[in-house]
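Q: quick one, structure for this:
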Amino acid sequence: MKRLLVATLATVLLTAGVLVFLPESAFPQAAITVAQLNGTVRDSSGSVVANATVSMRNIDTNRTYTSTSNASGYYIVPNLPPGSYELKVVYTGFLIFAFIGYFTIALLGLIRVGPGYESIVAHYRGSELDEDAFARPIGQMLEEAHFHAFIEGLILLVLAHLFLGASIHRKIKTAVVLLAFGSTLTDLASPWLIKYVAPGFAYLQMMSWVGMEAGALLLIGVPFYEMWFKGETR
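A: Below you'll find the predicted structure:
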């Protein structure tokens, strides 16, 4: 999962790039009717990324040209008519994996912590009614918070980059990104508040889960729809 995220982070930076072919300036004495784009897809560590889908959309005609990188990360998009192109490099399957990740996070939360107020409080503070329900050790809470802060932050960074490229109102983009990041932050903070401040913060934990899943569905669903289904011809 972490390998996938690192690879995707590198490709997302190219998502909003615009490539403009200017054949007359490059070859003033020659008439060029087609062009070719080729290159290598690499992640932030410099390693090649295989099976990455490279999609170019002609801004004027709305026609899309696609290619897939080989085992060496190399791709070729041939027979491109001169014009202005929108270049999108999308790591194949990332949004699907992200959806699966958030779905399993929700399931784990329901199974391990519990969907209700009492079970959430007992998970972090222990319960006198259940001999097996011990208070959560501070070391374990620190370990979980440390891990989730890094991983969830990276996931949201990638998803937010994709989502901000969508053709929806800016205020909606801002609201969704704030919902996703804010819910994640309150989800990280609520266990500490439940354990050391008041059990009533269990309601904050439940609201955080709802906000995280709603934000994730929008961050994943909107870019996926716009990249592959909205107004594109192949």
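Q: drop to CA atoms for contacts and neighbour counts, all remaining ones
A: Noted.
Q: okay, the one residue sitting closest to the centre of the chain: pLDDT?
A: Central residue of the chain (Cα atoms, centre = their mean): Leu159, 2.5 Å from the mean position. Leu159 is assigned 92 on the pLDDT scale.
Q: name the SS class of Phe97, please.
A: Using DSSP: H, G, I helix; E, B strand; the rest coil, the structure places Phe97 in helix.
Q: show me the chain divided up by domain.
A: Domains of the chain are assigned by automatic domain parsing as 2-91, 94-228.
Q: weakest of those by average pLDDT?
A: Among these, domain 2-91 scores lowest, at a mean of 64.
Q: how about Arg136: what's its closest non-neighbour residue?
A: Among residues not flanking Arg136 along the chain, Tyr124 sits closest, at 4.8 Å (Cα to Cα, 6 or more residues apart in numbering).
Q: what about the one you found, distance to Ala214?
A: 25 Å (Cα to Cα, to the nearest Å).
Q: tell me which of the two has more neighbours.
A: Tyr124 (24 against 15; other Cα atoms under 10 Å).
Q: in a helix, the more buried one, correct?
A: Yes: judged by three-state DSSP, Tyr124 forms part of a helix.
Q: that one and Lys195 touch, don't they?
A: Yes: judged on Cα atoms under 8 Å, Tyr124 makes contact with Lys195 at a distance of 5.7 Å.
Q: how about the strands of this structure, start to end?
A: Under the criterion DSSP state E, the chain contains strands at 18-20, 35-40, 52-58, 64-68, 74-80, 84-91.
Q: got the buried residues for stretch 116-125?
A: 117, 119-125 (16 or more other Cα atoms under 10 Å).
Q: give the contact list for Asn79.
A: By Cα atoms under 8 Å, 6 or more residues apart in numbering, the residues touching Asn79 are 34-36.
Q: picking up where we left off before, quick one: the buried residues of stretch 116-125 as TSV, columns for distance to Thr68 too.
A: Output for the buried residues of stretch 116-125, formatted as TSV (distance: Cα to Cα, whole Å):
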residue	distance to Thr68
Tyr117	48
Ser119	48
Ile120	46
Val121	49
Ala122	50
His123	47
Tyr124	47
Arg125	51
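Q: Ala189: which of those residues is nearest?
A: The shortest gap between Ala189 and any of these belongs to Tyr124, at 12.4 Å (Cα to Cα).
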